[in-house]
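**Student:** got a predicted model here, sequence first, then my questions.
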Amino acid sequence: MASRVPVAQCAGSRACAPCHQSIYDSYLRTPMAASAGMVGGGLIEEKFDRSTFTHDPTGFRYRVSRRGQEYAVEFEKTPAGTLRGKRALSYFIGSGAAARSYLLVADGFLYEAPVAYYAVGAKWDLAPGYDRYAYPYLTRPILPGCLTCHASFLRPVAGTQNRFETPPFQESGVACERCHGEGESHIATMRSGRLEGGSGMVNPSKLAPIRRDSVCSQCHLTGEARVMRAGRDWRSFRPGEPLSDSITVFVRSGGSPGMKVTSHVEKLAQSACKRVAGDRFWCGSCHDPHSTPQPGERAAWFREKCLRCHEADRCGATQAARRKSGNDCASCHMPKNPVVDAQHVVYTDHSIPRRPRPAGAGNAPRTRN
């Protein structure tokens, strides 16, 4: 297994702020930086006027409530009301830009709650996949390999599957070191002024393509299956290494129907933009991981990225249609569609279709990633 600096020795994102204050402040306002935490925190504040719902196939009614900073879910079997229970919701997972899931804690063991909050409609409903159960499933374990894409510097208890120290992670969201490498040696090097061997940090944009793309793929490449290499685990990958050294991701060679929540990498590989541009085109071509454009700036932000390669007068839409959309390239070519592994949410189609396709339709065959 690859060696790993102990959690206690990780610098943490706050250690970056003294020298990178503007980047640090900007990053804190992004969904990646707020993808986990204690309930009541993060970038959004849940609404509770639509927090009671009934799952008709099973007859269970759910109600989510908030009292101060404490959240709880209650459930009962209708109409008799003889089966009932209540559990505290301790942590959230997901920025809330599309949805949020929640974690239950029992003697340090973490489980997924059966309810989730959805941005579309600002409502509560069953968590993804929970509609298949005939009862409130309260024992779905939260494994480190999944949690690590939402929180940083996890504190799992050795010898257990899903037991963690309190709190279970030292930093909410994706920390700087998840993309740039461990910071302690970098800080020591910069303080010493001896830079002959480099600063010790990873700049993904300056890496070879396979290593650069691995930084994003560690969390945004779902595939059909992910299998750890022998002797590796969820802690093995380090920025600057090929992801394939730690994990094998199986992806269908042809088009897959629909999208998944984190299928950004394989969908981008299906796009004509990626097939033509090759390694020159990657996540960082359009996204700045340190900042997110405001809603009123999004259309112009992404249009400028498109016009680096495409001529505006080659667009097949009429001028009237372009004006109506606010010259928003993404509204036509990267539409938001439902995903096959979660309900009540829509995500951006990174296959960049030339013409909008019906929601859930399959994508064109892709080249090997």
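**Tutor:** Perfect, thanks for sending it. Residues are numbered from 1 along each chain as shown.

**Student:** domains for the chain, by residue range?
**Tutor:** Using automatic domain parsing, the domain parsing of the chain gives 36-152, 251-348.

**Student:** now the longest one: average pLDDT?
**Tutor:** Right, domain 36-152. On average, the pLDDT along domain 36-152 is 94.

**Student:** start the count at 793, not 1, going forward
**Tutor:** Understood, numbering begins at 793; the last thing we discussed is domain 828-944.

**Student:** follow-up on the earlier one: of the domains of the chain, which is nearest F1029?
**Tutor:** domain 828-944 (9.5 Å; Cβ to Cβ). The C-beta positions use only the backbone N, C-alpha and C, and glycine is treated the same way.

**Student:** can you give me the helices in this protein?
**Tutor:** Under the criterion DSSP state H, the chain contains helices at 813-819, 936-939, 969-972, 976-984, 1001-1012, 1056-1062, 1064-1069, 1090-1098, 1111-1116, 1121-1125.

**Student:** for these, please prepare CSV with the additional fields mean neighbour count.
**Tutor:** Shown next, in CSV, are these (neighbours: other Cβ atoms under 10 Å):
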stretch, mean neighbour count
helix 813-819, 15
helix 936-939, 17
helix 969-972, 21
helix 976-984, 14
helix 1001-1012, 20
helix 1056-1062, 24
helix 1064-1069, 15
helix 1090-1098, 16
helix 1111-1116, 11
helix 1121-1125, 19
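
**Student:** in terms of mean pLDDT, which of these ranks lowest?
**Tutor:** helix 1111-1116 (a mean of 66).

**Student:** which one is F961 nearest to, not counting chain neighbours?
**Tutor:** Counting by Cβ to Cβ, 6 or more residues apart in numbering, A943 is the residue found nearest to F961 once chain neighbours are left out, at 3.8 Å.

**Student:** burial count for that neighbour?
**Tutor:** Neighbours of A943 under the rule other Cβ atoms under 10 Å: 24.

**Student:** which strand residues bridge it?
**Tutor:** For A943, the beta-bridge partners are S964 (DSSP bridges).

**Student:** does it really touch F956, like I thought?
**Tutor:** No: counting by Cβ atoms under 8 Å, A943 stays clear of F956, with 10.1 Å between them.

**Student:** just the domains of the chain: most buried one?
**Tutor:** Highest mean neighbour count of the domains of the chain: domain 828-944, a mean of 17 (counted as mean count of other Cβ atoms under 10 Å).

**Student:** residue contacts, the residue nearest to F961?
**Tutor:** Shown in contact with A943 (Cβ atoms under 8 Å, 6 or more residues apart in numbering): S827, A828, G829, I885, P960, F961, E963, S964, G965.

**Student:** for T844, state which of those is nearest.
**Tutor:** Here the nearest of those to T844, counting by Cβ to Cβ, is I885; it sits at 22.2 Å.

**Student:** so where is the stretch 943-1092 of the chain shaky, pLDDT-wise?
**Tutor:** Within the stretch 943-1092 of the chain, the stretches with pLDDT under 70 are 988-990, 1046-1049.

**Student:** could you redo the last one with a cut-off of 80?
**Tutor:** For the stretch 943-1092 of the chain, the stretches with pLDDT under 80 are 985-992, 1045-1050.

**Student:** specify the residue positioned farthest from the middle of the protein.
**Tutor:** Computed with Cα atoms, centre = their mean, the residue of the chain farthest from its C-alpha average is A872, at 39.7 Å.

**Student:** and that residue, how far from G851?
**Tutor:** As judged by Cβ to Cβ, to the nearest Å, A872 and G851 stand 9 Å apart.
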